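S.K.: what follows is a predicted structure for the sequence shown.
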Amino acid sequence: MAKELQAIWSGKNRIITVHLPFIIFEDGGYQVLYCPPLDLTGYGTTEQEAKQSFEIVLDEYFKYTANKGTLLEDLTNLGWKIKKKNLRKPIVPPDLSYSLESNEDFKRIFNTHDFRKGNTKVAMPAMC
């Protein structure tokens, strides 16, 4: 999923690549891709459409928070660790257990839906 995002962001910002967990589940006839560390969702009638929808949502999230200057604050609120002095791993996403404890929507999905877990590389703008 990260190839399109890498092309969008690499022109003007330093890029950090992170591995993010996601889950895919069916809800109301739609395939839903949910990324707990970012609390973002994409959906579609097929898994491929859900992935494409998620890529659009993710790109818009990065554009919006980068333009508003709120990306690091938002990530911190979601449980990310921001390490300005560690250039190898300046931004570390929370693990799924943190998301389960702190996110009621994810807890509900986890407890009521059959899902498949996956991971994806995401290229994100380095704002620190």
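M.R.: Here it is on my side, so go on.

S.K.: pLDDT below threshold where in the protein?
M.R.: Counting by pLDDT under 70, the low-confidence segments of the chain come to 1-14, 85-89, 126-128.

S.K.: the spatially most central residue of it: what's it in contact with?
M.R.: Central residue of the chain (C-alpha atoms, centre = their mean): Leu38, 4.0 Å from the mean position. By C-beta atoms under 8 Å, 6 or more residues apart in numbering, the residues touching Leu38 are 20, 58, 61, 78, 93. C-beta: built from backbone N, CA, C; applies to glycine.

S.K.: for those residues, which one is nearest Lys107?
M.R.: Nearest to Lys107 among those: Leu78, at 15.0 Å, using C-beta to C-beta.

S.K.: before we move on, the earlier item: going through the contacts of Leu38, which ones are buried?
M.R.: By neighbour count, with 16 or more other C-beta atoms under 10 Å, the contacts of Leu38 hold 20, 58, 61, 78, 93 as buried.

S.K.: which ones among those residues are found in helices?
M.R.: Among the buried ones among the contacts of Leu38, DSSP state H puts 58, 61 in helices.

S.K.: regarding Gln31, what is its secondary structure?
M.R.: Here Gln31 is recorded as strand under DSSP: H, G, I helix; E, B strand; the rest coil.

S.K.: in this structure, what residue spans correspond to strands?
M.R.: With strands called from DSSP state E, the chain shows them at 15-27, 30-35, 40-44, 81-82, 91-92, 115-125.

S.K.: same list, these, but as a markdown table with distance to Gln52 please.
M.R.: Output for these, formatted as a markdown table (distance: least, C-beta to C-beta, whole Å):
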| stretch | distance to Gln52 |
| --- | --- |
| strand 15-27 | 13 |
| strand 30-35 | 9 |
| strand 40-44 | 7 |
| strand 81-82 | 29 |
| strand 91-92 | 25 |
| strand 115-125 | 13 |
